[in-house]
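Participant: heads up, no residue letters with this:
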C-alpha cells in the first residue's frame, strides 16, 4: 500500500513521465473566476505557443502546456454557470503519447493537446479568441466609427481611444458655444465648463439624466488619462473597445442635449 501519491509510471528507458491525471486544484469547481478577457488572452497565448513549439515537444514543456490549458478549464468551471455547462474533463496525455526512446511527446499527443486548446477557445464566454480589432465597429455611434477607424484598423489602440474621446469633447465644445479652438488634452476643463455648469443639458439640473451624462463624461476622460503610455504595457483590444463603447454611449446621449452657453466660460478654457 502506498502512503501519499502513487508513483508515476516509467517508460522503457526508465524516465518518469508526467502525471496522467490533473492535480486536485485543476479539477475543483471553486476559486476566483478569471474574467472572460483574461481567459481569452491566456487561451490565445497558449494556442500561439503551441503553434511554435515544432518538433521540440519535450515532456516538461508539454506538461507546462497541459497545466496551462487545465487552469483555464478550472476557471471556466468557476464561472457562475460552470456547473451547468457540458465542460470536458481535464486534459491528460495517454502513456502511448510519449515517444519511447526520446523525452518528447508524439505527434499524436501534440495534435490532441492543440485540438483541446482550440476547443477551449470555443467554450469561452462570447466564443473565440480573435483580436477585437478584427471586429467591425458598426455598433458604435457613426461619429466614433469615423473618428477612430484608421487607428483601430492599424492596431493603435491608445490612439483610437484618444480619438474617440476627442470626438465627444469636440461635440461638447460645439454645444457649449466655443468661439475658437479649445485644447482637448485635458478634457476635464471641457466637461466642467459645459456639463457641470449646465451650459449643456440633457435634462433638468440635478436630474438623473444630467447626472448620468456628467458621470459618463468624467469616466471617459479619466479612462483615457489612465491609458498606458510606456511601450510594452499591456492594453489589449478588449479594454480599448470598452473605451470606444463608453464614448459611443455618451455621444448618443448628447444627441438629445440642449445648448445653453454661458458667456466667458469655454472660450477661455486652458488645458493643464
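Facilitator: Cool, got the structure. Just so you know, these numbers come straight off a predicted model, no measurement behind them.
Participant: spit out the contact partners of residue 73.
Facilitator: Going by Cβ atoms under 8 Å, 6 or more residues apart in numbering, residue 73 touches 26, 87, 88, 90, 91, 120. The way it works is simple: take the backbone N, C-alpha and C, and place the C-beta from them, glycine included.
Participant: tell me the centre residue of the chain?
Facilitator: With distances taken as Cα atoms, centre = their mean, residue 238 lies nearest the centre of the chain, 3.2 Å away.
Participant: excluding its backbone neighbours, what's nearest it?
Facilitator: residue 37 (4.2 Å; Cβ to Cβ, 6 or more residues apart in numbering).
Participant: I figured residue 200 hits residue 174, correct?
Facilitator: No - contact between residue 200 and residue 174 fails when scored by Cβ atoms under 8 Å: they sit 9.5 Å apart.
Participant: more neighbours: which of those two?
Facilitator: Counting neighbours by other Cβ atoms under 10 Å for residue 200 and for residue 174 shows that residue 200 has the greater number, 30 against 14.
Participant: got the contact list for the more buried one?
Facilitator: If you count contacts by Cβ under 8 Å, 6+ apart, residue 200 has them with 172, 175, 176, 194, 254, 257, 258, 259, 260.
Participant: picking that back up, state the distance from the residue nearest to residue 238 to residue 241.
Facilitator: Distance, residue 37 to residue 241, using Cβ to Cβ, to the nearest Å: 10 Å.
Participant: just to revisit the earlier point, only whichever of the contacts of residue 73 are buried, select them in ChimeraX.
Facilitator: The command below creates a ChimeraX selection of those among the contacts of residue 73 that count as buried (16 or more other Cβ atoms under 10 Å):
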select :26,87,90,91,120
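Participant: reformat the contacts of residue 73 as JSON lines; add distance to residue 139 and secondary structure.
Facilitator: Listed next are those as JSON lines, based on distance: Cβ to Cβ, whole Å; DSSP: H, G, I helix; E, B strand; the rest coil:
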{"residue": "26", "distance to residue 139": "37", "secondary structure": "helix"}
{"residue": "87", "distance to residue 139": "30", "secondary structure": "coil"}
{"residue": "88", "distance to residue 139": "32", "secondary structure": "coil"}
{"residue": "90", "distance to residue 139": "37", "secondary structure": "coil"}
{"residue": "91", "distance to residue 139": "36", "secondary structure": "coil"}
{"residue": "120", "distance to residue 139": "27", "secondary structure": "helix"}
